[in-house]
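1. Structure here, sequence nowhere to be found:
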């Protein structure tokens, strides 16, 4: 028997989320959205529970999780770094900014640093094209970020 | 019936409203090539994700070409299925599919039997004009099935079989865009999933993405080893399908040629799983009557209905999906495993060969049998009762490799004592057969009367869920039959909800039963082939001198010399088994 490990409290909360959508399989995306809000990410255990509650296969749940870039199976860092790859940011060199984050943090996009401090993600237009290229750390917005400014941003959070 | 009039390739035809262009074309005798589309007509199974775009046709007045498999005919439609625009588009689509497909056809397991390869040949593709990255994935080998999804063309047929027909839910399309592929949850290996190894995904895969684990080399090595005595058993459904691999009409019975070929291959003893099927009836039939009698006498601890247990895909299914009901199926092992247990004890003793020097090979229409024979409970001191299980397809390859001209072989008989069988054993190969065989014996044992007629037409057919009541001399026995695991699930759910009033239920994992097994010659979407095999099975039964399991003289001898009586202690040890809870449990940690 393969065991799924979750704390009793979290398990109840997760089941309550499913129930708030009447355990309806058509609400899978909404359930996943809420569950990611609760856990910060969607580990396999959480997907197993959702599959059971909604009476669908885990493979199907994983199919949806792996399809949408919004959903993640990796825990986010304490300071989630997001780099905008919208058209304006892209043409103003966002990719070089990403490369610099990857080099300094020594992680790839979609990963979290081993100490759990930083995670790296890309997103599409945040609606601040005038500030391109834009970087978000948590809720804080940094505009006109150049590759050589990356180390200062990281330093703010490693003091 | 409302109809619409359409013009297709200058032919005016009238079809029922709602008919797709693909079906209308077929009615008009026009062949539109398809790749992802699959329609098992007699089994009511249809896959049309409109994903591959090979079946596109031109509908006058529309800007884009339309996929024929999902586009419904409208009144007055003018359709061109083969003009230059259509032909060029189809070829481009095919080349694009091929641009992300390995070109190792020569050494692919599906070489010569691949729908993509056939199409490339028919379209005359000589150059792939598109070069680019190829998607690559890790290969996944389980005890029965290999997933080489580099060769997956996302037709989604396997997904349809796994989810809609079998309701096992192991396979799903995952990831997106270029990286999308069909895989189990979290892209784990199949042996980490709830896969039953029924092999229906393999049976419908158009390419080499899903194939069986090939054990023919192990068999060849055993045959070449002078220290080993090699015994072979062959399942009932094999004789009704093997001929197809040698160009014979579907439904041709090749029992005699099969025995002859196995002897040419060098097996020391050519036996028949049918013998063990008769033995299964003795044990399972006795268990049925025992449980029935105790239940009718008021013992409420005895659960009814009793469910058959000869199908390993089905056993895997309930161990994963309904583990709390695992006391309901019969404890009788499958014929394959009964055969192995008897061969390695009774028969080994008889011929004075040590267990370790006896190799038992089975020829099965099934891929789950490969997993079944590797189960730990079916081994003694690490030596399995059945050493290797190969499919009907693998046997055909072995015969071809060995320079045996199968079609010209003269009929031969199986060897004794484990080669003698009755008509009741033969029909194990089709849905409804196991329960009919059980009824033939249980009726006579229970009533003490001889059956006037051994054919129970009411149990036969291809309907997915069937029921019948058989009169056991005043005692009505209610029987249920399901084939395809999705239908089995329905019957199981009824039992769980207390809505079932059957005494006995037969379940087979594959649509059609073993004749439609995952190890059989590929039908490529023609379900009339499965029907033809079913007819052949009943023909073989009708032609048998003995048609009731308890009248098999070698079964009688086996009980006299070795087992004692059905459900004896020795029988329990060798011929019965127990089941496991393989479900996932949600465990709470504090």
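-> Structure received. In this text the structure is predicted, and so the values were computed from the model without any measurement.
2. all strands of the stretch 301-450 of chain B, in order?
-> B:306-307, B:358-364, B:379-380, B:383-384, B:388-391 (DSSP state E, counting those that start in this stretch).
3. Turn those strands into JSON lines, columns for mean pLDDT, mean neighbour count and distance to residue B:570.
-> Where you see a C-beta, it was placed from the backbone N, CA and C, and this is true even at glycine. Below are those laid out as JSON lines (pLDDT from 0 to 100; neighbours: other C-beta atoms under 10 Å in any protein chain shown; distance: least, C-beta to C-beta, whole Å):
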{"stretch": "strand B:306-307", "mean pLDDT": "95", "mean neighbour count": "25", "distance to residue B:570": "22"}
{"stretch": "strand B:358-364", "mean pLDDT": "98", "mean neighbour count": "27", "distance to residue B:570": "19"}
{"stretch": "strand B:379-380", "mean pLDDT": "95", "mean neighbour count": "14", "distance to residue B:570": "14"}
{"stretch": "strand B:383-384", "mean pLDDT": "98", "mean neighbour count": "16", "distance to residue B:570": "19"}
{"stretch": "strand B:388-391", "mean pLDDT": "98", "mean neighbour count": "28", "distance to residue B:570": "25"}
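4. Now do the same contact list for residue B:316.
-> Applying C-beta atoms under 8 Å, 6 or more residues apart in numbering or on different chains, we find residue B:316 in contact with B:195, B:196, B:197, B:198, B:368, B:371, B:582.
5. from the residues you listed, which is closest to chain A?
-> residue B:582 (7.0 Å; C-beta to the nearest C-beta).
6. got a list of what the closest one touches?
-> A:1, B:194, B:316, B:319, B:320, B:323.
7. so which of those residues is the most crowded?
-> residue B:316 (24 neighbours; other C-beta atoms under 10 Å in any protein chain shown).
8. And that residue, how far from chain A?
-> As judged by C-beta to the nearest C-beta, to the nearest Å, residue B:316 and chain A stand 15 Å apart.
9. before we move on, what about residue B:262?
-> Separation of residue B:262 from chain A (C-beta to the nearest C-beta): 39 Å.
10. element containing that residue, please.
-> Residue B:262 belongs to helix B:255-265 when assigned by DSSP states H and E.
11. what about the residue lying farthest from the centre of chain B, which SS state?
-> Within chain B, residue B:61 marks the point farthest from the mean C-alpha position, 45.6 Å out by C-alpha atoms, centre = their mean. Following DSSP: H, G, I helix; E, B strand; the rest coil, the label given to residue B:61 is coil.
12. give me every residue that touches it.
-> Per C-beta under 8 Å, 6+ apart, neighbours of residue B:61: residue B:78.
13. coming back round to it: for the contacts of residue B:316, give me TSV that also has secondary structure.
-> Below are those laid out as TSV (three-state DSSP):
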residue	secondary structure
B:195	coil
B:196	coil
B:197	coil
B:198	coil
B:368	helix
B:371	helix
B:582	coil
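14. List buried residues within those.
-> Buried members of the contacts of residue B:316, scored by 16 or more other C-beta atoms under 10 Å in any protein chain shown, are B:195, B:196, B:197, B:198, B:368, B:371.
15. Can you pick out the most distant pair from those residues?
-> B:198 and B:371 (10.2 Å; C-beta to C-beta).
16. So which bits of stretch B:384-400 are buried?
-> Residues of stretch B:384-400 classed as buried: B:384-396, B:398-399 (neighbour count, 16+ other C-beta under 10 Å).
17. Taking the centroid of chain A, which residue is nearest it?
-> Nearest to the mean C-alpha position of chain A, counting by C-alpha atoms, centre = their mean, stands residue A:72 at 5.2 Å.
18. What is the burial count for the nearest residue to it once chain neighbours are set aside?
-> Once flanking residues are discounted, residue A:72 sits nearest to residue A:41: 5.0 Å by C-beta to C-beta, 6 or more residues apart in numbering or on different chains. By other C-beta under 10 Å, 17 other residues sit near residue A:41.
19. Relative to residue A:66, how far out is residue A:41?
-> 13 Å (C-beta to C-beta, to the nearest Å).
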